[in-house]
Every structure is written in structure tokens, then in C-alpha cells.
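Engineer: Return atomic coordinates for the entry below.
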Amino acid sequence: MTSEMENMVLEQLRRIRASQDRMELDLQDVKIRVTAIEQHLGQVQIQIASLNGRMDRFDERLTRIERRLDLAEA
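Structural biologist: Now for the predicted structure:
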């Protein structure tokens, strides 16, 4: 191989390496963002569970009120 050809190959390899480095950084950013999304989703699920518990208690209270007022259907 000629010297010029070797230089071209080395230049292409450097470009590939630079591109790979950028992709690795981008992948790290994506991983961080996915982790943040997973944490947020976990918090949302906890909040939904809490709200469901509150709604269950409201339902129990409403049922008792309906029974006391004889509004409950048989």
C-alpha cells in the first residue's frame, strides 16, 4: 500500500473513532434520561396507588352515608 493510501485509511479510522465517541456520549445521555423517566414513572405509580386508597375510603364513607339515610338500593 502506498503512503497516501495508508493516510486515507488512517483518516477514515479516525473519523469512525470520533463518530463512535460521540455515539457513546449520546448513549450515556439516553441512559440518564431513561433512568429519570423510570424514577418519575415510579413516583406516578405511587401517587396513583395513594389516590386509589383515598377513593376506596370515600366509597366506604359514601356507602355508610347512603345506608344511614336509607338511600342505598337493596
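Engineer: which regions of the protein lie under the pLDDT threshold?
Structural biologist: 1, 74 (pLDDT under 70).
Engineer: Is F58 in a helix, a strand, or coil?
Structural biologist: F58 carries the three-state label helix when classified by DSSP: H, G, I helix; E, B strand; the rest coil.
Engineer: ditto for E73
Structural biologist: coil.
Engineer: separation between it and R67?
Structural biologist: 11 Å (C-beta to C-beta, to the nearest Å). The C-beta positions use only the backbone N, C-alpha and C, and glycine is treated the same way.
Engineer: and what of E6?
Structural biologist: Taken as C-beta to C-beta, the span from E6 to R67 is 91 Å.
Engineer: now swap in L41 and tell me
Structural biologist: When L41 is compared with R67 (using C-beta to C-beta), they lie 39 Å apart.
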